[in-house]
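Undergrad: what's the 3D shape of this:
(chains A, B, C and D)
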Number of protein chains: 4
Amino acid sequence: MTPTLRTPSQFNQLRRNVYRVLETASGSRRGISLIFNVLLSTIIALNALAIILHTVPSLNARFPRLFIEFELFSVLFFTIEYLLRVWVCVENEKYGHPVWGRLRYMVSTGALIHLLSILPFYFTLFHTDLALIRILRLFRIFRLFRITRYSHAFRVMQEVVADKKEELLLSLAFLVFMLIIISSVMYYLEHPTQPDKFSSIPATLWWGINAMATVGYGDIHPVTPLGKMLAGLTAVLGIGSFALPTGILASGFAEHIRSHKAHKKNHCPYCGRDF
Amino acid sequence: MTPTLRTPSQFNQLRRNVYRVLETASGSRRGISLIFNVLLSTIIALNALAIILHTVPSLNARFPRLFIEFELFSVLFFTIEYLLRVWVCVENEKYGHPVWGRLRYMVSTGALIHLLSILPFYFTLFHTDLALIRILRLFRIFRLFRITRYSHAFRVMQEVVADKKEELLLSLAFLVFMLIIISSVMYYLEHPTQPDKFSSIPATLWWGINAMATVGYGDIHPVTPLGKMLAGLTAVLGIGSFALPTGILASGFAEHIRSHKAHKKNHCPYCGRDF
Amino acid sequence: MTPTLRTPSQFNQLRRNVYRVLETASGSRRGISLIFNVLLSTIIALNALAIILHTVPSLNARFPRLFIEFELFSVLFFTIEYLLRVWVCVENEKYGHPVWGRLRYMVSTGALIHLLSILPFYFTLFHTDLALIRILRLFRIFRLFRITRYSHAFRVMQEVVADKKEELLLSLAFLVFMLIIISSVMYYLEHPTQPDKFSSIPATLWWGINAMATVGYGDIHPVTPLGKMLAGLTAVLGIGSFALPTGILASGFAEHIRSHKAHKKNHCPYCGRDF
Amino acid sequence: MTPTLRTPSQFNQLRRNVYRVLETASGSRRGISLIFNVLLSTIIALNALAIILHTVPSLNARFPRLFIEFELFSVLFFTIEYLLRVWVCVENEKYGHPVWGRLRYMVSTGALIHLLSILPFYFTLFHTDLALIRILRLFRIFRLFRITRYSHAFRVMQEVVADKKEELLLSLAFLVFMLIIISSVMYYLEHPTQPDKFSSIPATLWWGINAMATVGYGDIHPVTPLGKMLAGLTAVLGIGSFALPTGILASGFAEHIRSHKAHKKNHCPYCGRDF
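TA: Predicted coordinates:
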């Protein structure tokens, strides 16, 4: 995150300052940066709230203008933010080149999510096809994903998953194999009796994942004695199979917290900066 | 809990003795204090039983007088206890001032719960509006919460939660984020097919929390292939997400018990006093 | 289990030998004792099978004589075994007195379960009241409980529960308190909307325990927004509350196995005897 | 896996080379062996996919030739592979004798699963009885089980289960005992009220296993107060009982991973070979 050194023109100085504000850099501009990032998090959180409440017919009918105006404001804000980020990204050594660096930044996960959360709005302006507009609106969910960048909880979880990648993959592979074998056998046991519910192996996989996770919605369950026996066995095996990724995550999380606490005295646990 | 020293008038002496009886102080009056606190716990437990059984129509019809009389007795008992506690709270250094100390005591959590568990009864005496009386009766549930002050289990749990506050908040934040993102995506997948069940994102959150906790009442579940895939993934992620607060609590509890057992020889594990 | 020393008459010698055979004593008669105990376990296991299969109408109709004859044989076998055990129990120092010792043995848990598993059969012989006979037959379930004495798994579990008694009681108390408070609040939230399902707090406790254990049969669930919020919170709290007794049992079991394995070289892990 | 030394005829040389290719031996032919095993795993995985998708009526109707042709190709491939394996197995010291060694190889679990996954196909060629053909097709599921041989996850799980065999058996015995006792008592409590659902103890076992695993499909649940109390207790006990095998597996898995990681520098974690 060390900005590259350039000729100290006023323009470059402005760009560097904008970069520092946007990226929560330490040093000067720290106060403004903090204010900006709190504001940004708040707008993203309000967008999450708007996306959720917008789908409630009674609320949408009562405050139609509020939702539309907030949408316009958010898109404007996120668009300016996007353009600024693309402009200043060259301050980051990783994206140093004026053209290729900016392109590389634009195809990074964060920037793509950012773009996908605003671009569809502009398409809806030039289309009258309601079905297409409905699909394009879906992309607003990407604004929710932007929260994950600002959430300490998500970052910790990402690190834990990265730490325990091998174990998690191993236990998930076991889970998937068990699921396929159990569902295939269950299909042959239950299909003749309940051809409408256990209609195919993919349909039986829906039963299988819920049986292994002990969800049990009750929309599909075996009725033959052999099917019930297999379902009982599945519940036991399922709890065992789920115990593995669960236990791995829990212990990884505990280790992370412990090593985090050791650093605590000299380290801000939320932004990762040294005092 | 060290009582402040005052002029040894007879009145003050009485107040100090009442304080010692009410607050299970060590030293003299310990026997009476123990008897009083066992009596109080019993009356609170009987109130819990009365609140539970009072809602069974057959029992309420058979013993109408018993429930009313026990209610009158309890309110009287709790009222006298409340007045005594307000009178004697100044013996505690924390609430030493005769006026401001007593006010500070009255707005403490324990005293507020105490007040809310009896005050509504007096309002019901002056009102004939049945709807209002019904709502005021709800406040009797606060008597149940008074158990928590006298329960060792609740105190241990409170300490464990306080110890592990940061980890719990982190994992709950992750849980809430996952819930919002999964429910939003599920709403867009299932709403077109089941507009009455997945009617809005808040309605889908009800599905989401139950899917993540693997409750599965069966009143709402996806039917589209994509919805079912997301539901299967949710079950796996849900068990993983729930594993974190669960594992944190369990290990915190184990640590607490272990450090408790080390103190055991010289310490009563229930009241916390030294022998 | 050291037999008391008596005058070496032939009668006493017989009694001591019978005692050794019944109680798996070490020393001589070990082979016969092992054979007898395997036979007894087999008969108890076959009784469990008979109790289970007897309730299947088609099997009961096809082999009516088989079930009756096996019942007669079992009762005869268990009766002789009971009489022998009462006769020889005085060989155990604990029940040494010919009269009081035998009475004390007869009121021990094991002997009471033994008696309750056979005595009702004799009552059914002298009664023609079918309703009474049906109730008396229930007592055959006590034969299942006799398995627990011969099961290593049950003994290990008993020891683990005894080791962790304090922690288990504490966490169960917390579970019960949470259950009562959550169910009471849920009753007041859901009763006005679903008076037939959330008919009283005891009826709501049925919802509560299943919600905390994430069973979710689907016969009863909240429908109001506030009720659903509380149900979501209950699922999270429930998994947390259940984590405690579960974690305590699991770690107690692991500790038991570990300390058991250390003894393994010189010790039979099934009968507890030294080699 | 050390091949036995023989007279260096060209025929034996060929057999040894084929053996090395099939069994992923180290040394020369390693590249071809790796390619062959990746190919074999791919064909098995595609078979799994074909078995799953073949049961979807719409897909089966659209690509009838594709499924039949892939089936023919797979059977041919697996048949040649089987014959080659039987031919070359004598290169393994374990199956050294030309006749008895080959027979011993043919009754090994892996070879039997291999045979059962192809043999039924040939029977279907000579039969026109559709019911029989349908049953014979079931045996294709054995091809899924062949995945387990090539899956690292399954091998790890097998080793963990073998390591913790005693503990798992103990906790499963406890689980089964609890299940039988709880279901028997529940049968007597609920049968008089719901004779169609709790029709027999075996039928109640279906309720029992789901109650202990907290699945709760909702097709069967107690309605009497005593039955509900027992069901509540079962949920608590069930979670406790399931915690044991689950905890054992999770800790066994963690130990395995830890000891595995220590070997990692000099060892391929997937094929077990030293670098």
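Undergrad: residues in the stretch 151-275 of chain A within reach of chain B, list them.
TA: If contact is defined as Cβ under 8 Å from any Cβ of the partner chain, the residues of the stretch 151-275 of chain A in contact with chain B are A:151-154, A:156-157, A:172, A:175, A:202, A:205-206, A:209-210, A:212-219, A:242, A:245-247, A:249-251, A:253-254, A:257, A:269. The C-beta positions use only the backbone N, C-alpha and C, and glycine is treated the same way.
Undergrad: Intersect those with the contacts of chain C.
TA: A:214, A:216-218.
Undergrad: List buried residues within those residues.
TA: By the neighbour-count criterion of 16 or more other Cβ atoms under 10 Å in any protein chain shown, those include these buried positions: A:214, A:216-218.
Undergrad: Can you add distance to residue A:61, secondary structure and pLDDT and give these back as CSV?
TA: What follows is these, written out as CSV (distance: Cβ to Cβ, whole Å; DSSP: H, G, I helix; E, B strand; the rest coil; pLDDT from 0 to 100):
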residue, distance to residue A:61, secondary structure, pLDDT
A:214, 40, coil, 84
A:216, 37, coil, 80
A:217, 32, coil, 85
A:218, 34, coil, 82
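Undergrad: who's in contact with the residue nearest to residue A:228 when sequence neighbours are not counted?
TA: Once its chain neighbours are removed from consideration, residue A:228 has its nearest residue in residue D:206; the separation is 4.8 Å (Cβ to Cβ, 6 or more residues apart in numbering or on different chains). Taking Cβ atoms under 8 Å, 6 or more residues apart in numbering or on different chains as the definition of contact, the neighbours of residue D:206 are A:228, A:231-232, D:220.
Undergrad: and the residue lying closest to residue A:140 once chain neighbours are set aside, how many neighbours?
TA: Among residues not flanking residue A:140 along the chain, residue A:51 sits closest, at 5.7 Å (Cβ to Cβ, 6+ apart). Neighbourhood size, residue A:51 [other Cβ atoms under 10 Å in any protein chain shown]: 20.
Undergrad: Cross-check the contact I'm expecting between residue A:51 and residue A:144.
TA: Yes - applying Cβ atoms under 8 Å, one finds residue A:51 in contact with residue A:144, separated by 6.8 Å.
Undergrad: so what sits against both of these two?
TA: Contact criterion Cβ under 8 Å, 6+ apart; residues shared by residue A:51 and residue A:144: residue B:184.
Undergrad: and residue A:117, what helix or strand is that in?
TA: Per DSSP states H and E: residue A:117 is located in helix A:109-125.
Undergrad: rewinding a little: of the residues of the stretch 151-275 of chain A next to chain B, grab the buried ones for ChimeraX.
TA: One line in ChimeraX is enough to select the buried members of these, burial here meaning 16+ other Cβ under 10 Å:
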select /A:151,153,154,156,157,175,202,205,206,209,210,212,213,214,215,216,217,218,219,242,245,246,247,249,250,251,253,254,257
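Undergrad: Now the residue of the stretch 51-200 of chain A found nearest chain C: closest residue in space, sequence neighbours ignored.
TA: Using Cβ to the nearest Cβ, the closest approach of the stretch 51-200 of chain A to chain C is made by residue A:56 at 10.6 Å. Beyond its immediate neighbours in the sequence, the residue positioned closest to residue A:56 (Cβ to Cβ, 6+ apart) is residue B:200, lying 4.4 Å away.
Undergrad: ok, now residue A:89?
TA: Among residues not flanking residue A:89 along the chain, residue A:105 sits closest, at 4.0 Å (Cβ to Cβ, 6+ apart).
Undergrad: Which secondary structure state does that neighbour sit in?
TA: Using DSSP: H, G, I helix; E, B strand; the rest coil as the criterion, the local structure at residue A:105 reads helix.
Undergrad: count of residues packed around it?
TA: In terms of burial, residue A:105 registers 18 neighbours under the definition other Cβ under 10 Å.
Undergrad: Report the separation between it and residue B:157.
TA: Residue A:105 is 48 Å from residue B:157, where distance means Cβ to Cβ, to the nearest Å.
Undergrad: now swap in residue A:11 and tell me
TA: Taken as Cβ to Cβ, the spacing of residue A:11 relative to residue B:157 amounts to 59 Å.
Undergrad: again with residue A:109
TA: Noted for residue A:109: a distance of 40 Å to residue B:157, by Cβ to Cβ.
Undergrad: what does the stretch 151-275 of chain A have sitting close to chain C?
TA: A:214, A:216-218.
Undergrad: Can you narrow the residues you listed down to the ones near chain D?
TA: Intersecting these with the surroundings of chain D, defined as Cβ under 8 Å from any Cβ, gives A:214, A:216-218.
Undergrad: Farthest-apart pair in these, please.
TA: A:214 and A:218 (12.5 Å; Cβ to Cβ).
Undergrad: what does the model give residue A:249 for pLDDT?
TA: You'll see residue A:249 listed with a pLDDT of 78.
Undergrad: Domains in chain A, by residue range?
TA: Chain A breaks down into these domains under automatic domain parsing: A:8-150, A:165-265.
Undergrad: starting at the chain centroid, how far to the shortest one?
TA: Read it as domain A:165-265. If you compare the mean C-alpha spot of domain A:165-265 with that of the full chain, they lie 23 Å apart, counting by Cα atoms, centre = their mean, to the nearest Å.
Undergrad: Quick one: distance of stretch A:48-58 to the chain centre.
TA: Shown here is stretch A:48-58, whose average C-alpha point lies 19 Å from the average C-alpha point of the whole chain (Cα atoms, centre = their mean).
Undergrad: what does that stretch rub up against?
TA: Residues contacting stretch A:48-58 (Cβ under 8 Å, 6+ apart): A:59-60, A:67, A:70-71, A:74, A:140-141, A:143-144, A:147, B:180, B:184, B:187, B:191, B:199-202, B:205.
Undergrad: Quick check on those residues: which are buried?
TA: Taking 16+ other Cβ under 10 Å as the criterion, what is buried in the contacts of stretch A:48-58 is A:59, A:67, A:70-71, A:74, A:140-141, A:143-144, A:147, B:180, B:184, B:187, B:191, B:199-202, B:205.
Undergrad: Do any residues in stretch A:32-45 lie close to chain B?
TA: No - contact check for stretch A:32-45 against chain B, using Cβ under 8 Å from any Cβ: none in range, with a minimum separation of 10.2 Å.
Undergrad: With only the CA atoms kept, save that stretch in CSV.
TA: Extracted as CSV, the C-alpha positions of stretch A:32-45 are listed here (Å, rounded to 0.1, in the frame of the first residue of the first chain):
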residue,chain,number,x,y,z
ILE,A,32,-11.0,12.3,7.0
SER,A,33,-10.4,8.8,5.8
LEU,A,34,-12.0,7.4,8.9
ILE,A,35,-15.0,9.6,8.5
PHE,A,36,-15.3,8.7,4.8
ASN,A,37,-15.1,5.0,5.5
VAL,A,38,-17.7,5.2,8.3
LEU,A,39,-20.0,7.1,5.9
LEU,A,40,-19.4,4.5,3.2
SER,A,41,-20.2,1.6,5.5
THR,A,42,-23.3,3.4,6.7
ILE,A,43,-24.5,3.9,3.1
ILE,A,44,-23.8,0.2,2.3
ALA,A,45,-25.7,-0.8,5.4
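Undergrad: Can you point out the buried residues in it?
TA: Burial within stretch A:32-45, assessed by neighbour count using 16+ other Cβ under 10 Å, is assigned to A:33, A:36-37, A:40, A:43-44.
Undergrad: and that stretch, what's its mean pLDDT?
TA: Along stretch A:32-45, the predicted local confidence has a mean pLDDT of 86.
Undergrad: ok, now which ones touch residue A:18?
TA: Taking Cβ under 8 Å, 6+ apart as the criterion, residue A:18 is in contact with A:84, A:87-88.
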